[in-house]
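Enquirer: following is a predicted model, sequence given first.
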2 protein chains.
Amino acid sequence: MKDAAKNRKAELYDWLKTAIMTLDLRPGADLDESRLSDEFQLSRTPLREVLRQLAGEGYVDLRENRGARVSEMSHMTLRDFFLAAPMIYGAVLQLAAQNARPEQVDDLKAAQEVFKAALRSGSGAERAMANNRFHEVTGEMADNIYLLPSFQRLLIDHARISMTFYRPQDAQMVENVSEASAQHDAIIAAIEARDEVAAAQLAIDHWNLSRDQIELFVMPAGLDVQLGSVTRKTPA
Amino acid sequence: MKDAAKNRKAELYDWLKTAIMTLDLRPGADLDESRLSDEFQLSRTPLREVLRQLAGEGYVDLRENRGARVSEMSHMTLRDFFLAAPMIYGAVLQLAAQNARPEQVDDLKAAQEVFKAALRSGSGAERAMANNRFHEVTGEMADNIYLLPSFQRLLIDHARISMTFYRPQDAQMVENVSEASAQHDAIIAAIEARDEVAAAQLAIDHWNLSRDQIELFVMPAGLDVQLGSVTRKTPA
DNA sequence: TACTTATTTTTTGCACACAACAATTTTTTA
DNA sequence: TAAAAAATTGTTGTGTGCAAAAAATAAGTA
């Protein structure tokens, strides 16, 4: 009967992870022990262990005597992100191109298919999770225990950033996302060809694209409206 | 009375960390919950939380239903180490040169003094811990939450590696260590001058020196002995 | 009304007990 | 004697109760 408890523990762990990455649980949100333990039918002891583990992985922050919170995302972390991401992702893709095993390449292709499907019909959360899975596989390929901790932290916030800075109404943004998908294809090709130089360059391109996406969000195209009068672009 | 328990918990946490870094607890060593909880007068609940946290930081490995072990160091991890270290340390020192605040520079100088003192009269463990503290401060200076997880993992194994691959009898090794100390001085100067290019280069030099140290250990100078007869170099 | 201060309520941290699991040893059987 | 099955032992995982701390609320004073 304890078997069921173990499942619930794993279930809770997965649920928290995806909820945090998809912003279902917002940065800074309180994670109440007793409420969660009620909801998942787990006692507080294993629950707290899960929270500790997630804290180690960077999903939540633990405050002494004041419970757990979903880890914050400030302006500082956004800056840190774009400083560190090109380097770490570049290194990961370079190593991936060196080390990838054939079955891992298959995994990567499968992840990319899921991502493409999510682009066509999925929700924002599904898209972000599929993208996350794609990069997770590249991390498995790189297989360097010293790179992975930072890489995984980057992946968490990459998912949250793309959830934050995306408006499906914006044509340029949709364009960018399909370009990202094309870059994924190029990454797969570079890895399969063991072309580490190309892989590293693609990493940089890929994260520059992410930065562009954020700039589109922060600095939207000016509204096509004149002071005092509403104009409309006339068809030619 | 609960206050004392909290102290013991922090004490246990610190003790485990240093014991693992100084190889007082060897890689792969079993960490028995009940034995540790006896020794530190803590119940198993907080003890397990400490172990979970240390697992997140890379000090220990957790195996399902089979307890905790000190994290392993294999040939693979050594290779991973020297692949990742120059890059991460380079990035950390570059950012440190950009961001370091004056009081942090003071911290770094203080750490270097402790390191020099340990070189003169300290044990191997004291030397390794002082060196670790020096680099820890550079990590604080860099102040990038995406770099730090990997950096801290590197520091753990850097300490363990220098504990493993050092023989104070070997003149060349002693020479290398004092060169490392000189590099620390140069790093301080580069950071103080905000010279990020020099800082990044020094990171590479510093880790090449570590690699040399290991090569000295793995491939020692041949014994000065001829087959069938013992010769001695005659003074000129 | 604003500001302390006291009291209540909520929530977290620790200890212990028991259940589940893994490994080892003993017993049984061929 | 050897292999398989069963019992034993040691160790980990979970549930619950209680104590301590923090937060929220109420009461009293300026």
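Expert: Okay, I see it. Note that the structure is predicted; figures quoted are calculated from it, not measured.

Enquirer: mind giving me the domain ranges of chain A?
Expert: A:2-70, A:75-218 (automatic domain parsing).

Enquirer: near DNA strand C at all, the first one?
Expert: Which is domain A:2-70. Yes: against DNA strand C, domain A:2-70 shows contacts by CB under 7 Å from any atom of the strand at A:2-3, A:6, A:30, A:32-34, A:44-45, A:48, A:62, A:64-68. The C-beta positions use only the backbone N, C-alpha and C, and glycine is treated the same way.

Enquirer: which one of those is nearest residue A:151?
Expert: residue A:62 (22.2 Å; CB to CB).

Enquirer: who touches the most centrally placed residue in chain A in this structure?
Expert: The residue lying closest to the centre of chain A (CA atoms, centre = their mean) is residue A:159, at 2.1 Å. Residues in contact with residue A:159 (CB atoms under 8 Å, 6 or more residues apart in numbering or on different chains) are A:21-22, A:128-129, A:131-132.

Enquirer: and these, which of them are in helices?
Expert: In helices, defined here by DSSP state H, the members of these are A:21, A:128-129, A:131-132.

Enquirer: can I get these in CSV including pLDDT and neighbour count?
Expert: Output for the ones in helices among the contacts of residue A:159, formatted as CSV (pLDDT from 0 to 100; neighbours: other CB atoms under 10 Å in any protein chain shown):
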residue, pLDDT, neighbour count
A:21, 94, 22
A:128, 94, 25
A:129, 95, 22
A:131, 96, 24
A:132, 97, 21
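
Enquirer: nearest spatial neighbour of residue A:205, skipping sequence neighbours?
Expert: residue A:183 (6.2 Å; CB to CB, 6 or more residues apart in numbering or on different chains).

Enquirer: may I see the buried residues of the strand or helix carrying the one you found?
Expert: Element membership for residue A:183 (DSSP states H and E) is helix A:171-192. With burial defined by 16 or more other CB atoms under 10 Å in any protein chain shown, the residues of helix A:171-192 counted as buried are A:173, A:176-177, A:180-181, A:183-184, A:187-188, A:190-191.

Enquirer: of all those, which comes closest to residue A:140?
Expert: Among these, residue A:191 lies closest to residue A:140 (CB to CB), at 11.7 Å.

Enquirer: so what's the closest one up against?
Expert: By CB under 8 Å, 6+ apart, the contact list for residue A:191 reads A:93, A:96-97, A:100, A:105, A:108, A:138, A:141, A:199.

Enquirer: do that again at 6 Å, thanks
Expert: By CB atoms under 6 Å, 6 or more residues apart in numbering or on different chains, the contact set of residue A:191 is A:96-97, A:100.

Enquirer: with residue A:95 instead?
Expert: For residue A:95, the contacting residues are A:142, A:144, by CB under 6 Å, 6+ apart.

Enquirer: for DNA strand D, see how far away it is.
Expert: Residue A:95 is 31 Å from DNA strand D, where distance means CB to the nearest atom of the strand, to the nearest Å.

Enquirer: so does the helix or strand bottoming out on mean pLDDT in chain A get close to chain B?
Expert: None of the helices or strands of chain A scores lower by mean pLDDT, DSSP states H and E than helix A:2-21, at a mean of 81. No: judged by CB under 6 Å from any CB of the partner chain, helix A:2-21 and chain B are separated, with a smallest distance of 9.0 Å.

Enquirer: keeping just the C-alphas, turn that helix into CSV.
Expert: Presented in CSV, the C-alpha positions along helix A:2-21 are these (Å, rounded to 0.1, in the frame of the first residue of the first chain):
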residue,chain,number,x,y,z
LYS,A,2,3.0,2.2,0.4
ASP,A,3,3.6,1.7,-3.2
ALA,A,4,0.9,4.1,-4.0
ALA,A,5,2.5,6.7,-1.8
LYS,A,6,5.7,6.5,-3.8
ASN,A,7,3.8,7.1,-7.0
ARG,A,8,2.1,10.1,-5.5
LYS,A,9,5.5,11.4,-4.5
ALA,A,10,6.9,11.1,-8.0
GLU,A,11,3.6,12.5,-9.3
LEU,A,12,3.9,15.6,-7.0
TYR,A,13,7.5,16.0,-8.1
ASP,A,14,6.6,16.0,-11.8
TRP,A,15,3.6,18.2,-11.3
LEU,A,16,5.5,20.9,-9.4
LYS,A,17,8.2,20.9,-12.0
THR,A,18,5.9,21.4,-14.9
ALA,A,19,3.6,23.8,-13.1
ILE,A,20,6.6,26.0,-12.3
MET,A,21,8.0,25.8,-15.8
